[in-house]
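Colleague: one predicted model, sequence on top.
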Amino acid sequence: MRRKIVQLGLVTAVLLSVTLAAPAQVKVTADYNPNATATSAFKFKNVPLPAKDDAAAKAKLLLLDGEIDPNGADLSALTDGVLPTNEDEPAKNLFFNAGTGGGRFRMDLGSAIEIAQVNTYSWHPNTRGPQVYQLWASDGTDPKFNAEPKGNIDPATCGWKLITIVDTRAKQGDDGGQHGVSIADAKGSLGKYRYLLFDCYVTETADEYGNTFYSEVDVVTKK
Ligand SMILES: [Ca+2]
């Protein structure tokens, strides 16, 4: 009996520490359609279909760091609800300039909203298909808040919270095809935020073409 009580106490202590250490349980779902089967529908096994009327559609986008490739679209392509119809359509994608190491942009949702999901979509024949980025968020209320942290400023030092790190690169192969990512939380809400910051990295440095072709970013409000 005494032994059982001790065990129970241990289990309780372990559960308590897990609960305290995990205020949020961010879950990143990454899906992939190879070039042979990918279509403009961006239909994935688990990642939701791209939406047109999501919270990002009305958001304001701002470039914080990096150069946008003039051969592609500007930031508005990320939230226009328009998707490329084939795997190599620069005009329908946002991508940072060739030979540069990625960049950073901010999304302003206008007011703090309860976010259920952040979903990102990309498509390219080879190395510009995968997505590698950090997602940061802020409600803008921290006294130290910097609304426009350039690339050399750690967002953690100025009122931003790291939500997660996304990396959809495969261990082998060139990763060409369609990539879909859905960032959500086990409790149904990522939190209440006004600003999202996407810190984007190149998928490879073997040549100058490692900047991802981002087709769309959706922000889904918690119902
Ligand atoms: Ca688009």
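Modeller: Structure received.
Colleague: how about the strands in this protein?
Modeller: Remark: strands assigned in the chain by DSSP state E are 26-33, 60-65, 103-124, 132-138, 161-167, 177-185, 191-200, 214-221.
Colleague: what's the third one packed up against?
Modeller: To tie it back to what came earlier, the one meant is strand 103-124. Helices and strands touching strand 103-124, by 3 or more C-beta pairs under 8 Å, 6 or more residues apart in numbering; DSSP states H and E, are strand 60-65, strand 132-138, strand 177-185, strand 191-200, strand 214-221. (Each C-beta comes from the backbone N, C-alpha and C, glycine too.)
Colleague: ditto for the last one
Modeller: With contacts taken as 3+ C-beta pairs under 8 Å, 6+ apart, strand 214-221 sits against strand 103-124, strand 191-200.
Colleague: what are the pairing partners of the longest one, and which direction each?
Modeller: According to DSSP bridges, strand 103-124 forms sheet pairs with strand 60-65 (antiparallel), strand 177-185 (antiparallel), strand 191-200 (antiparallel), strand 214-221 (antiparallel).
Colleague: within range of the ion, give me the residues from this structure.
Modeller: Residues of the chain found near the ion (C-beta under 5 Å from the ion) are 77, 80, 82, 216.
Colleague: my read: the last one touches Gln131, true?
Modeller: To tie it back to what came earlier, the one meant is Glu216. No. Using C-beta atoms under 8 Å as the test, Glu216 is too far from Gln131 to be in contact (11.6 Å).
Colleague: quick one, which of those two is more surrounded?
Modeller: Neighbour count, other C-beta atoms under 10 Å: between Glu216 and Gln131, Glu216 has more, with 27 against 24.
Colleague: pull up the per-residue confidence for the residue nearest to that one when sequence neighbours are not counted.
Modeller: Distances taken as C-beta to C-beta, 6 or more residues apart in numbering place Tyr121 nearest to Glu216, at 4.5 Å, with adjacent residues excluded. On pLDDT, Tyr121 comes in at 98.
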